[in-house]
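S.K.: I'll drop the sequence and a predicted model, then ask my questions.
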Amino acid sequence: MKLELRGITKRFGALVANNNISLTVESGEIHALLGENGAGKSTLMNVLYGLYIAEEGEILLDDVVQKFAGPGDAMNAGIGMVHQHFMLVPVFTVAENVVLGHEQTTFGGRLDLSAARAKVREISDRFGFDIDPDALIEDLPVGVQQRVEIIKALSQDAKVLVFDEPTAVLTPQETDELMIIMRQLAESGTSIVFITHKLREVRAVADRITVIRLGTVVGEASPTATNAELASLMVGRAVELTVHKNAPELRGTALSVKNLTVIDARNQVVVNNVSFDVQAGEVLAIAGVQGNGQTELTEALIGLQHHVTGSIELDGKPLRGHSVRHILDSGVGFVPEDRTEDGLVADFSIAENLMLDRSSGAPFVKGGNLQLGFRAKFAAEKIHEFDIRSQGSDMEAGRLSGGNQQKVVLARELSRDLRLFVAAQPTRGLDVGSIEFVHTRIIETRDSGIPVIVVSTELDEVVALADRIAVMYRGEIVGIVPGTTPRATLGLMMAGEHAPATEAVL
Amino acid sequence: MSDLTASAAPAPAAPAAEPGRKDGSDRWTQTLRDITGGSAMISILAVVFALVVGAILIAFTNERVQETAGYFFSRPADLLQAVWDAVAGAYSALFQGSIYNFRSKNFLTAIRPLTETLTFATPLIAAGLGVGLAFRVGMFNIGGRGQMLIAAGAAGYVAFAVELPAGIHLIVAILAGLLGGAIWGGIVGLLKARTGAHEVIVTIMLNFVALYLIQFLLRTPGALQAPGSNNPKTPAMLPTAVFPDLFGPRYNLHAGFLTVIAATIFVWWLLSRSNLGFQFRAVGQNPNAARVAGINVKNVYMYAMAISGALVGLAGINQVLGTVTTGFGAGIDAGIGFDAITVALLGRSKPWGIFAAGILFGAFKAGGFAMQAAEGVPIDIVVVVQALIVLFIAAPPLVRAMFHLPTPGTTKKPKIRAVKSRKTNEVVAK
Amino acid sequence: MSTLTEGTAPVPASAPIVKPTVKIRSWKIPITFGGFAVLSLILFVGLGRGQRGELSTFRLSEGRDLIQLPEVALPTFVTGVFVAIVLVLLAAVSAWLVYSHRKISIVLTILFALLFLVGFLAWAASGSTIPVPGLLIGTVTLSAPLIFGALGGVLSERAGVVNVAIEAQLLAGAFSSAVVASATGNPYIGLLAAMVAGALVSMVLAAFALKYLVDQVIVGVVLNVLVIGLTSFLYSQVLAPSANLNSPDVFPRLNIPLLSEIPIIGPVLFRQTIIVYVMYVAVAVVYFGLFRTKWGLRVRAVGEHPQAADTVGINVNRTRFVAVTLGGVISGFGGAYFTLGAVGAFNKEMTNGMGFIALAAVIFGQWHPIKATLAALLFGFATNLQNVLGIIGSPVPSEFMLMLPYVVTIFAVAGFVGRSRAPAADGKPYIK
């Protein structure tokens, strides 16, 4: 089925999220929609899927103008979507999720899942998915959940399938498998829109590429274009993907982690017998696909996990078993991976957020009283120093853009007297300018002699920042390799293969 | 994409539309917008609208109105007259019973209703502060009744059974009551922190436990029961432990009102100036971020509920040491624990907002009794009006729609005090 | 509370990311059991009631029953000692199970609870007779409004709207059923009016929660106050002066032929009013509706993950609105119990906090219609137990008996269902 978008414009108040965007996807074509975070890709697809109503423009399927009042209409017209954040009810089974919205019933309104089960099995077999229709979604690994999303779309006979950032949660191997599936789908006549900001994937699978920036189409490209060409198109200027840094000045082991094991609330071993050291003055990057224990590892370092065994020592002093308060006071700076949920109080002002983890003593508190004068002065300084674009220190943090929110978190953590700095996914969801800012700050921190741990699922970020790289897979560290290790090797390690012996010595 | 999100971008003033205008008038337009769009105007309109609904109810249920409606087409003026008489009579009685009595020639007696209002407001403010404080920490304290009863029992026992010098006696009785309330509230915080038990259930259950406990003590000689009596009632409080009258014996207003002023100042200081309050608010707004920032969320729940319980307890103390000093029964809470929830909501959980809301509701209560006595309109109408006020204030878009007010310029995202996320439950449910 | 031990469980090679699980011991249940075992030792053995050979008699039949069962008489002290010993043993067993990483079966918990109950009844009834059918009949009757309220709450909350307004729905149902049944002289029309009134309250809740995005707990609380105020005002102003608007016919108890003659069960379940019979149907219908139908799947979907429901074309707010309204219909119907099923006239604030108990039953029952019903029955049982013991002369002050269900609930909430999981989107308005 041929899909055509003509002059789509979508506004949110004063913000123009999509400005006169036109796009054509031929039948059986994989059309990549490339753009950085916030460029308006997802908005466009939500318009296509009937979740948003565009102010201007029209959608055509096989040259017929469509009117979508909701996702139901889009689905009936043959559009399916694999969402970035899976649209699956965690406590429902696979079959229930697939059938939701299109349920068949027997006598008395009784739900009939047998057809749904058969459908799941049929599609599952066609693509070699091996999915149990009666498994609960919350028990399935993310990669499998994504396949359920695909099945869900295909079960509605989708002729146009939209993949919204589908590889964010996948290993390189799973990503490769997904590419194969997309090819298979395209060959069977399905038109595919592939939304991503990852250049490599686009070049690997797309037939055509449309690049959007700031809500506008800025150009089309063929898959033969170089990374640099695509990148400059995407951000509007030549982009340096690397960070300027000198060789690390190592000043001796600061953090020493031995035989660390973490068990989560569901009694699963999420970090399994992990040991590593970090030297003062180096960046240790922890790479790996989302959900391989990195989150829990950082939480264990900061004292947020309850069932932890093994030892964590910072400058010879044990940290394990102490409260978060104690660990913060020992000089550990922490940037949590989910900044809106764990890093900031959205309803608090910037100034209040800047003192969030120093609410128990000097200099922000004296005799139980908040030192508001000091806080205001401090906030003004940090807003200036970290270039936080705001309407002043009383502005609510929740109203800042993602980049500026992250700057608030960084300003707070880096302004303390640090002995260790842990940053989890420090640039997730940020625009390129903010990414550069954050990376520069991280390297500055390293150069000031503080040991730094950066957790990232983005290989580009890992390679840009790391002096050494520890790759995690299924809760274990597969190997610790130099920062110069080739991507291919890292990719294999992220899929669980052990590091080549020569490189693992460091 | 710009560094600021859309909502944060300064609203483009529209000088292009009316180029002739000067700065001054522009500023005025903006001010007007702020007043009409902001909460002050909404609050006033909500009160007005609630009173209108109350008026309709009063008119509809008035016998004279019903009679005249029977011959509406022959003499419509009668109906209008009857409606006016019913509504105006009721509301003027309400006003005269709560603020100023015009019929009295002497200013000192004319102003007496206002002191009645403050007397009724005293426990409402105290309990409202307690409920509001819990709201700010993200908890819902429906346990006002239990906390009041326990505090009243503790303070009352000290007040009638222990003999101490004047002054000290009063202070000890107050402290006993505060402790009682704090313990009863603290249990809730403890259970929530240690076991993850939902505070709504626990507070509801503890209300009943406290009620039956007090009932038992009230009929047990040697405990709370007055010696030589068979009634479930305590003896009168000793004069050394009673709040002195503020303006002499002709007015009911007692020094308990000063304690709630102090409590309001305390809560204001706690929430906006102290680090403990900072932690309270952080936990209330985002418990996950608070935990990551090293705040001990479990302890915050316990401290907050204990303080909340003590504040609610202050309402019970005021009841037994100020309002009803001749001995009390199990109904001493007088539903204030529940009224406090609406007071806290109307005051938007802010200390001085609660203070004002408490006085408004105190006025309704004082005036309601006068209205019932003078006009025969049941005092329950006051409850209806109170509920409607809170309902309308809670839904600004509704009030704006009803009165065709402009939406305020800054489009803040709707405030959602969502029930705690699953992740949070895990935090507390270890 | 818990200790950590070695991980086992092999990892299947095929699945990409599956983590091995370990068992973490939770000592909550053994501690709770131990507490009750100690309590039983103190009460049944320590206090030594019935040491002079008193008997505790359980009457299993009522006089008019066709099949008469003999009375069961147990020696009070011996029974108490026996029960206390068994309870101590069971507590030990549970501790051992936890120690050796085994699961404590729910059967063990039920057995423990029943035994404690038997021991307690025997102890309390020393030298007198407990009418078992009467105890249970009253339980079902007193539970009826709680069960209706809990079902209404479950429906609403499963759809993602917190329902604190059960009290208001019950009260509105009670008021309107009394008035309409009196005015029309037909209690069935009164039932209808109760449902309409409950639905109206729900619709206000839904409108404010879904359209105006007001915090749902706040709307619920305010609605309770509003309905209390309205019904009290109308009662004083309209009902009290003219009694003919507040004297509805009360539904009689209907004996179902044959079924009502089954020993014990018959009188308990099948000699009830129409309201209780409708309750049986309501429990089954709500359960079936929520878990076996297309409609239920959608309701649960909007309560768990509204966005997922939206993306497959389900109108989230409409689905929620309907579920909340239906919940109000059920709760409102339950309100009719107070006037048409029991008292026979409306009174100010006659629901007396039952709506809050129903809310507790919803949470205690983990948002599941059957479990919530069982929780409501527990509350009804405790209330009625106090009534019965009050008649035969309880050794415990009646206030403590009255307190019991609430204390048990606190223990239960703290000990067993502390981590009960609400529908994920409960209380959160859906904004695209």
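M.R.: Right, received. Where do you want to start?

S.K.: So if we follow the domain assignment, how does chain A break up?
M.R.: What automatic domain parsing lists as the domains of chain A is A:3-235, A:241-331+A:417-506, A:349-416.

S.K.: Mean neighbour count and mean pLDDT added to these, as JSON lines?
M.R.: To be clear about C-beta, it is placed using only N, CA and C from the backbone, and glycine gets the same treatment. Shown next, in JSON lines, are the domains of chain A (neighbours: other CB atoms under 10 Å in any protein chain shown; pLDDT from 0 to 100):
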{"stretch": "domain A:3-235", "mean neighbour count": "19", "mean pLDDT": "87"}
{"stretch": "domain A:241-331+A:417-506", "mean neighbour count": "20", "mean pLDDT": "88"}
{"stretch": "domain A:349-416", "mean neighbour count": "19", "mean pLDDT": "91"}
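
S.K.: how about these in a markdown table, adding distance to chain B?
M.R.: Below are these laid out as a markdown table (distance: least, CB to the nearest CB, whole Å):
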| stretch | distance to chain B |
| --- | --- |
| domain A:3-235 | 4 |
| domain A:241-331+A:417-506 | 4 |
| domain A:349-416 | 4 |
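
S.K.: So which of those is nearest chain C?
M.R.: Closest of the domains of chain A to chain C is domain A:3-235, at 2.5 Å (criterion: CB to the nearest CB).

S.K.: how about that closest one, does it reach chain C?
M.R.: Yes. Domain A:3-235 comes into contact with chain C (CB under 8 Å from any CB of the partner chain), by way of A:49, A:51-52, A:70-73, A:75, A:81, A:83, A:86-92, A:96-97, A:99-105, A:108-111, A:130, A:141-144, A:152, A:171, A:174.

S.K.: can you tell me which of the residues you listed are in strands?
M.R.: If you go by DSSP state E, the residues of domain A:3-235 next to chain C have A:Met81, A:Gln104, A:Thr105, A:Leu111 in strands.

S.K.: Run through the bridge partners of the second one.
M.R.: According to DSSP bridges, A:Asp112 are recorded as the beta-bridge partners of A:Gln104.

S.K.: cool, and the first one?
M.R.: Applying DSSP bridges to A:Met81 gives these bridge partners: A:Val162.

S.K.: And C:Ala412, how far from chain B?
M.R.: Counting by CB to the nearest CB, to the nearest Å, the gap from C:Ala412 to chain B is 9 Å.

S.K.: Quick check: that residue touching C:Ile363?
M.R.: No. Using CB atoms under 8 Å, C:Ala412 is not in contact with C:Ile363, being 10.3 Å away.

S.K.: Mind checking which of those two has more residues around it?
M.R.: Taking other CB atoms under 10 Å in any protein chain shown, C:Ala412 and C:Ile363 do not tie; C:Ile363 has more neighbours (23 against 19).

S.K.: gap between that one and chain B?
M.R.: From C:Ile363 to chain B the distance is 5 Å (CB to the nearest CB).

S.K.: ditto for C:Leu41
M.R.: Per CB to the nearest CB, C:Leu41 is found 24 Å from chain B.

S.K.: Next, the contact list for that residue, please.
M.R.: Taking CB atoms under 8 Å, 6 or more residues apart in numbering or on different chains, we find C:Leu41 in contact with C:Ala84, C:Val88.

S.K.: and it, that one's in a helix?
M.R.: Yes. C:Leu41: assigned to a helix according to DSSP: H, G, I helix; E, B strand; the rest coil.

S.K.: Understood, closing this out.
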